[in-house]
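S.K.: sequence and predicted model, in that order:
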Amino acid sequence: MKPLIATAVALTLIVLPAADVAAWGASGHRMVGQAAMRALPEELPAFLRTAEAAAQVGELSREPDRWKGAGQPHGRERDTAHFVDMTEDGLIMTGAGPHIRDLPTLKSEYDALLLEAGIKVNDAGYLPYAIMDAWLQVVQDFAYWRVLTAAEARETDLARQAWYREDRLRREALLLRDIGMLSHYVSDGSQPLHTTIHYNGWDRDTDNPEGFTRSRQTHGLFEGEFVRDRINLQGIEAAMTAPRLDGFDLRARTADYLLVSLAEVVPFYRLEKAGAFVGTDPRGVDFATQRLAAGASELRDLIILAWRESGTRSIGWPAIKVAEVEAGTADPWLSMIGQD
């Protein structure tokens with residue numbers, strides 16, 4: 001795969017409705033992807049632990065924002081993946097909405113619950129499902145990569161070995177792309193304004209006892225211009241937390257992660273009111289750095305957890321166990337090439 005050119009892109013700020021606001025802008029998404037990849041341990045395949053891989057994931061992390069404008073139904077469906085609007089207590093949109101901890105297994109069931117509660121699906125957003133879907137795709141990619149790598153190393157038929165190698169390289173390209181997609185939605189989730197009904201100024205239809213701004217420029221100015229000009233990769237890497245890899249449950253972990261960001265909504269507005277996001281105020285710099293570092297830390301952990309989970313999977317048709325291929329007790333050729 002040809003290297004992507006990592007260039008700094010200036011962000012144009014536009015005041016847009018919730019579904020059209022891009023969390024963190026180009027700079028923030030790029031830095032989250034890079035920081036997470038640069039922090040991967042030796043447990044992960046070597047092709048992911050390179051400067052080129054980190055740069056490519058950083059660029060690919062921006063891709064879901066670049067999909068916008070493709071037309072309908074593409075845009076309307078995908079635009080709502082970037083956020084989930086919650087009340088302060090974790091309910092989706094209103095007191096009648098489901099709690100983030102109690103979401104059903106399928107997005108279609110989630111949509112039905114929202115409609116039943118009188119909530120428009122496109123208004124609420126479905127970020128938790130975007131994160132979970134992207135993670136499961138990375139697990140599947142890793143499972144195929146494991147099988148192809150093991151088969152390539154053992155295969156004595158040169159034609160089959162060549163096919164395994166070519167398919168492994170295709171899978172590596174897909175892995176970088178799909179980790180980039182996961183990176184985008186995980187970093188969306190670390191931006192507090194992508195988890196709240198107060199996504200762009202304090203909601204005009206709710207009480208505002210602390211007199212927070214209701215400006216419709218609040219969201220874009222914070223995540224775009226401020227992050228681009230004041231935050232750097234080294235600061236994010238220094239603020240990343242230690243890995244949390246035990247007791248993993250995808251649905252619970254996703255809800256917990258988004259609730260942590262939700263808890264930062266009021267602190268954000270207090271800082272904004274105090275002028276912390278103007279100039280080089282260290283309070284604003286620290287807040288944005290910590291939030292971006294939370295995204296990078298979560299992404300790093302989810303990549304590691306996806307790698308570990310992939311070893312337990314079965315893939316291909318007929319289905320074949322990854323562990324058996326890696327142990328040399330199963331031949332994956334027909335499962336990989338396809339029997340038609």
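M.R.: Received the coordinates, thanks.

S.K.: quick one, what contacts S314?
M.R.: 320-322 (CB atoms under 8 Å, 6 or more residues apart in numbering). C-beta here means a position set from N, CA and C on the backbone, and glycine is covered the same way.

S.K.: equivalent analysis for L136, please.
M.R.: By CB under 8 Å, 6+ apart, L136 lies in contact with L250.

S.K.: D229: which of the contacts of S314 is nearest?
M.R.: V322 (45.5 Å; CB to CB).

S.K.: which stretches of the stretch 51-200 of the chain form helices?
M.R.: In the stretch 51-200 of the chain, the helices defined using DSSP state H, counting those that start in this stretch lie at 51-60, 63-66, 74-79, 107-116, 121-124, 127-154, 158-190.

S.K.: got a list of what D167 touches?
M.R.: Going by CB under 8 Å, 6+ apart, D167 touches 148, 336.

S.K.: what about the lowest-mean-pLDDT helix or strand in the chain, distance to the chain center?
M.R.: None of the helices or strands of the chain scores lower by mean pLDDT, DSSP states H and E than helix 74-79, at a mean of 87. Centre-to-centre, helix 74-79 and its host chain are 17 Å apart (CA atoms, centre = their mean, to the nearest Å).

S.K.: if we can go back for a sec, among the helices of the stretch 51-200 of the chain, which is nearest I231?
M.R.: Closest to I231 of the helices of the stretch 51-200 of the chain is helix 158-190 (CB to CB; 12.5 Å).

S.K.: tell me the mean pLDDT over the closest one?
M.R.: The pLDDT scores in helix 158-190 average 98.

S.K.: and what of stretch 210-221?
M.R.: Computed over stretch 210-221, the average pLDDT equals 95.

S.K.: report the buried residues of it.
M.R.: Neighbour counts using 16 or more other CB atoms under 10 Å place 212, 218-221 of stretch 210-221 among the buried residues.

S.K.: who's in contact with G58?
M.R.: By CB under 8 Å, 6+ apart, the neighbours of G58 are 6, 29-31, 33-34, 37.

S.K.: what strand or helix carries D207?
M.R.: Assignment of secondary structure by DSSP states H and E places D207 within no helix or strand.

S.K.: can you show me the strands along the chain?
M.R.: In the chain, the strands defined using DSSP state E lie at 314-315, 320-321.

S.K.: can you tell me which of those is most buried?
M.R.: strand 320-321 (a mean of 20; mean count of other CB atoms under 10 Å).

S.K.: neighbouring contacts of it?
M.R.: The contact list for strand 320-321 (CB under 8 Å, 6+ apart) reads 147, 313-314, 330, 332, 335.

S.K.: which one (most neighbours) among those?
M.R.: Most neighbours among these, by other CB atoms under 10 Å: V147, with 29 neighbours.

S.K.: next one: that residue from R165, what distance?
M.R.: To R165, V147 is 13 Å away according to CB to CB, to the nearest Å.

S.K.: and for E116?
M.R.: To R165, E116 is 51 Å away according to CB to CB.

S.K.: so between the two, which is more surrounded?
M.R.: A count of neighbours by other CB under 10 Å puts R165 above the other of E116 and R165, at 15 against 11.

S.K.: quick one, what contacts that one?
M.R.: The contact partners of R165, taken as CB under 8 Å, 6+ apart, are E152.

S.K.: find the nearest non-adjacent residue to A96, please.
M.R.: Leaving aside its sequence neighbours, A96 sits nearest to A117 (CB to CB, 6 or more residues apart in numbering; 4.0 Å).

S.K.: how about the residue nearest to K273 when sequence neighbours are not counted, what does it touch?
M.R.: What sits nearest to K273 in space, not counting adjacent residues and going by CB to CB, 6+ apart, is F212, at 6.0 Å. Neighbouring residues of F212 by CB under 8 Å, 6+ apart: 198, 201-202, 269-270, 272-273.
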